[in-house]
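>>> here is my input, please return the structure:
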Amino acid sequence: MELYLAFKIIWWLLLGVLLIGLAVMVGMDMGVGTLLRVVGRTDVERRVLLNSIGPHWEGNQVWFVLGGGAIFAAFPLIYATAFSGLYIVMLVLLWTMIVRPLGFEYRSKLPSARWRNLWDWALVVSGLVPMVIYGAGIGNMLRGVPFHFSWNLTSYYTGSFLSLLNPFAVLCGLLSLALSIYMGGVTLAARTDDVLHQRATQAAKWAVMVALVLFTIGGAWISGMDGYRLVSGPAAGAAQTPLHQVASVGAGAWWDNYRAVPVLWLVPAVGYVGMLLGLFAIRAGRTTVAWWSGALAWIGVIGTAGVSLFPFLMPSSTDPSQSLTIWNSVSSLRTLIWMTGFAAVFVPIIVAYTSWSFYVMRGKVSTQHVEADTHAY
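Sure, this is the predicted structure:
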């Protein structure tokens, strides 16, 4: 039982690492897409922006595959419940992700201004929408999702698509978008010169200030929001289902973990430190420090949500006692052991390859470079 409990905690932490990696790496590319028509005012300027992330955007999508694969293998009940109940959301996310590579590949195939503007807007939408959905998804976990189970663990979603766009979820979606724009702006500031550098820097400054405000509002909002408490159930290390526990809903419950373990306040503090340090760094022109500060901000923001929810992963607003937690939605011990072995091999390879590719393909992208390269986006 103790070994099973340990692997459950390990995979909760690894899920957090994958979500943070997705937010940082994919969010950076999405931020560039969102800023495409804000920072880039002419066709050649927008080509510079696209080519600044051209060598990396496809490789960064591996974090989507890792995140989905990890949930499927390590938390199958979460995967089945979320992907079936939130089907429309998943389709919207899928459609925008399909449009994104088409925009990169087809945009510059024709010289027509109308053709290129169409794909520019497609790239803007495919950068903005996924990050809003990402943040709103985390926000809805804190609000609770309307689902329940039958006696044979068939899940039933009882909400609507519009119910997922509640005010708190929208706030979380805007926070996610603001951090994405910040990361995109910092990336562009590091890869461009002159007027593009200046515009990207200004966009990053405003984005991180908005993120600071939204993160603060969200924390105050959560303090008065109804949260979930696990009242009773099987031992954490035992094999179990959501039908074997009792949970309740109460005001301020999302603060329980912080009251029990005060050192956890360091997690949201990391988010604030990352945002403030990023603001000072981008103002000082230290784009490398600003980028890593943005990653630190993401760690704090996603970590805050994870610590607040623990041990819940997907609370049920329909029947709180059927909420999905780390304890009852995880795979078998044997599966987790195999998954840990695969993660120990492939995650370091991915990190090493990504680091190497960024190092090799570092440097500025100029209009002269884009115009002279017939293979550029």
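
>>> just checking, what packs against the helix or strand containing residue 117?
According to DSSP states H and E, residue 117 maps onto helix 113-143. Under the contact criterion of 3 or more CB pairs under 8 Å, 6 or more residues apart in numbering; DSSP states H and E, helix 113-143 touches helix 27-34, helix 36-39, helix 43-52, helix 87-106, helix 167-191, helix 287-309, strand 312-314. Backbone N, C-alpha and C define where each C-beta goes, glycine included.

>>> so residue 156, which state does it fall into?
Under DSSP: H, G, I helix; E, B strand; the rest coil, residue 156 falls in the strand class.

>>> beta partners for it?
Taking DSSP bridges as the rule, residue 156 bridges to residue 148.

>>> low-confidence stretches in the stretch 251-377 of the chain?
For the stretch 251-377 of the chain, the stretches flagged by pLDDT under 70 are 374.

>>> show me the strands in it, by range?
Per DSSP state E, counting those that start in this stretch, the stretch 251-377 of the chain carries strands over the ranges 312-314, 324-325.

>>> tabulate those strands (a markdown table), appending mean neighbour count and distance to residue 44.
Conversion of these to a markdown table gives the following (neighbours: other CB atoms under 10 Å; distance: least, CB to CB, whole Å):
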| stretch | mean neighbour count | distance to residue 44 |
| --- | --- | --- |
| strand 312-314 | 24 | 46 |
| strand 324-325 | 26 | 50 |
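
>>> so which of the ones you listed is nearest residue 38?
Among the strands of the stretch 251-377 of the chain, the nearest to residue 38 by CB to CB is strand 312-314 (35.1 Å).

>>> can you list the strands that the closest one pairs with?
In its sheet, and by DSSP bridges, strand 312-314 pairs with strand 324-325 (antiparallel).

>>> now render the strands of the stretch 251-377 of the chain as CSV, adding distance to residue 120.
Rendered in CSV, the data for those read as follows (distance: least, CB to CB, whole Å):
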stretch, distance to residue 120
strand 312-314, 36
strand 324-325, 40
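
>>> quick check: which of those is nearest to residue 361?
Once those are compared by CB to CB, strand 312-314 is nearest, at 36.9 Å.

>>> which stretch in the helices and strands packed on helix 113-143 is the model least sure about?
Comparing mean pLDDT across the helices and strands packed on helix 113-143, the lowest value falls on helix 87-106: a mean of 86.
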